[in-house]
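1. Sequence first, predicted model second:
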Amino acid sequence: MKYVVIGASAAGINGITAIRGHDKDGEIVLISEDDAIYSRCILHHYLSGERDEKALDFTTENFISENRVNWKRGVRAVQVDCGAKKVFLSGGSSESYDKLLIASGASTFFPPVKGMFNEDKTLAGGIYGLRTFADAKAIKAAAKKASGIAILGAGLIGIDAASGLLQYGKPITIIESCPNMLPSQLDGEAAAPYQKKFAEMGGRQYYGVKAEEITRGGDGTVNGVRLSSGEQIACDMLICCTGVRANTGFLEGSGLKMDAKGLVYNDRGETSESDVYGAGDVSGKNPIWPLAVKEGIVAGGNMAGGEETLDSFFASKSAIVFWGIKTLSLGTHTPAGPGYSTETEKDTGSYKKIIHKDGKIYGAIIQGDVSYAGVLTRLIAEKIDVSRVKKPLFKIDYSDFFALNENFEFTY
C-alpha cells in the first residue's frame, strides 16, 4: 500500500503517525512546501527568541526516519488527478498513490485594502503574514530595523505577533475592526485585562476601526495606515493577521467536492472521491491546532484500515495565555438570539460567564481560576440538560449527574 500525504503540519504529521499505527510496512510519501516541521502555534516564540528553529519541531527526534517516510521537501502539489490516482508536483514530477491525505492547510488572507498590493498583484514592500516559518524569519529580520510596526487584526495570530515583537522596543499598534481584542474568543469584559496589559507595555490599540488605505513612500514600501476614523498610523512594517484561506487552488479540476470555505470531508476524513481523505485547515473551518491534530489521526487511521470518527471531539474551545493572564473560551461567548440567558460571576482576578437556553449550556468564558473548565467543557460538548440541577450553574459538578440505583451502583 502506498500512502501520499500532502502537508507537514499538525494534520499531516499526525496522519502519518496514525497510518503507521495500523500499517507497519506500507510506503509513505510526504509532500510539503516547507523543508522543516514546526508548530505554527508557537512561531511567536521564535520571534521573541524563546525558541530556535529546532525547538519549534513538535515531532519526536528522528520522526521521519523512524516512520520510514520519503519526504519530498520544498515542493508543492500543483494538481491532483483522482482518476489516475496521481499528485503532480512543482518541478514537473508526480507521485502515484493508493491512498491520499490532503492536509495542505491554509495561507494568510491579505484583504483588498487600497495600497496593499502592487500593480502586478504582489504584496507591497514591508507587508507580511505570520503563517509559516519563512514568514517568521522574514518578520524577525525586518522588525530589528523597523521604526514602527502595525498589526492588522487582533485575533489569536495578531496577538501572537504582538507578543513576540514587544521585546524589540519598537512602537507596536494593533488595528481591529471589532470592539475588543480576541473578538472570536472573548467579550469586552474578558478582553479588558489583556488590553490593559498591552497598553502598560507600551502598545497602542485601535478597536472598531478599519484600515482604509495602506500608504506608501516613494520607493513603494509601506509608511503608514489610514484608518476609517481618519487617523493616520505611521509604520514601515505591517503584519496582516486578518484570517486565513484554505490551500485548495491545486484541487481545481480534481472532481473533489468543495464548498465556499474549502475541501469537504466527513467525520471519518473521507472526501467525495474514493481513497482520498482530508484533514486540518484545508477545510476552511475551525482553523485550530487541536482539531487539525484530531482530524489527522482520524483520517490517517481510516486510510490504513481503522474505524475512527470525529464525533466525540469538541472543537469550539480556545485556551488563551498571554502576559500571564489565563482564559478558556468554550463555544459561543455571546447569545445567539432570543431566549438565551447569560450569567456572570466576578471576583478579584477572576471572571466567569455562561450562556444557556432551555437547560443547555452553549458557551462559557473562564478567566483567572480555570479549574471549572473540565465540567463546563463536558456540559457544552455533550449538550447535557442542566435544568433539573437546582443549584447555581457555577456550582455544578459531576456528582450532580449521578445517582445510586437499587444495587448501590452509580448510574448516569
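-> Thanks, I have it.

2. Tally up the residues packed near the closest residue to residue 349 other than its chain neighbours, please.
-> Distance criterion Cβ to Cβ, 6 or more residues apart in numbering; nearest residue to residue 349, sequence neighbours excluded, is residue 368 at 4.6 Å. Backbone N, C-alpha and C define where each C-beta goes, glycine included. Residues contacting residue 368 under the criterion other Cβ atoms under 10 Å number 17.

3. ditto for residue 298
-> Neighbours of residue 298 using other Cβ under 10 Å come to 28.

4. And it, how close does it get to residue 292?
-> 11 Å (Cβ to Cβ, to the nearest Å).

5. Identify the contacts common to these two.
-> residue 279 (Cβ atoms under 8 Å, 6 or more residues apart in numbering).

6. in terms of contact, does residue 285 touch residue 262 like I think?
-> Yes: between residue 285 and residue 262 there is a contact at 7.2 Å, judged by Cβ atoms under 8 Å.

7. When the two are compared, which one has more neighbours?
-> The neighbour count for residue 285 versus residue 262, taken as other Cβ under 10 Å, is higher for residue 262 (25 against 15).

8. Tell me who's in contact with that one.
-> Going by Cβ under 8 Å, 6+ apart, the list of residues near residue 262 reads 106, 246, 248, 281-285.

9. go with 10 Å
-> 102, 104-106, 244-248, 251, 278, 280-285, 287 (Cβ atoms under 10 Å, 6 or more residues apart in numbering).

10. ditto for residue 188
-> Taking Cβ under 10 Å, 6+ apart, we find residue 188 in contact with 178-181, 195, 207.

11. can you pull the buried residues of stretch 33-52?
-> Buried residues in stretch 33-52, counted by 16 or more other Cβ atoms under 10 Å: 33, 37-48, 51.

12. What's the end-to-end length of that stretch?
-> 20 Å (Cα to Cα, to the nearest Å).

13. show me what contacts the most centrally placed residue in the chain?
-> The C-alpha lying nearest the average C-alpha coordinate of the chain belongs to residue 288 (Cα atoms, centre = their mean; 3.1 Å). For residue 288, the contacting residues are 10, 41, 156, 280-281, 315-319, by Cβ under 10 Å, 6+ apart.

14. And for residue 266?
-> With the criterion set at Cβ under 10 Å, 6+ apart, residue 266 makes contact with 272, 277-278, 298, 309-310.

15. got those as TSV, with secondary structure, pLDDT and distance to residue 239 columns?
-> As requested, the contacts of residue 266 are exported to TSV (DSSP: H, G, I helix; E, B strand; the rest coil; pLDDT from 0 to 100; distance: Cβ to Cβ, whole Å):
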residue	secondary structure	pLDDT	distance to residue 239
272	coil	96	37
277	strand	98	33
278	strand	97	29
298	helix	96	33
309	coil	88	38
310	coil	85	33
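
16. Among those residues, which one sits closest to residue 164?
-> residue 278 (30.6 Å; Cβ to Cβ).

17. which residue packs closest to the closest one, ignoring adjacent ones?
-> Nearest non-adjacent residue to residue 278, counting by Cβ to Cβ, 6+ apart: residue 265, 3.8 Å away.

18. Low-confidence ranges, the stretch 101-250 of the chain, go.
-> Across the stretch 101-250 of the chain, nothing is flagged by pLDDT under 70.

19. Strands along that one, start to end?
-> 106-108, 127-129, 149-152, 172-176, 204-207, 211-216, 222-227, 232-234, 237-240, 244-246 (DSSP state E, counting those that start in this stretch).

20. Dump those strands to TSV, plus mean neighbour count and distance to residue 26.
-> Formatted as TSV, the strands of the stretch 101-250 of the chain follow (neighbours: other Cβ atoms under 10 Å; distance: least, Cβ to Cβ, whole Å):
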stretch	mean neighbour count	distance to residue 26
strand 106-108	19	28
strand 127-129	22	36
strand 149-152	26	44
strand 172-176	24	47
strand 204-207	17	51
strand 211-216	19	49
strand 222-227	20	49
strand 232-234	15	54
strand 237-240	27	40
strand 244-246	19	27
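
21. quick one: residue 321 and residue 367, what's the gap?
-> Counting by Cβ to Cβ, the gap from residue 321 to residue 367 is 11 Å.

22. So for stretch 154-167, what gets flagged as buried?
-> Under 16+ other Cβ under 10 Å, the buried positions of stretch 154-167 are 154-166.

23. Provide a list of residues in contact with the closest residue to residue 80 other than its chain neighbours.
-> Nearest residue to residue 80, sequence neighbours excluded (Cβ to Cβ, 6+ apart): residue 254, at 4.4 Å. If you count contacts by Cβ under 10 Å, 6+ apart, residue 254 has them with 79-83, 87, 102, 248, 263, 271-273, 276.

24. Spell out the secondary structure type for residue 254.
-> At residue 254 the chain is in coil, as set by DSSP: H, G, I helix; E, B strand; the rest coil.
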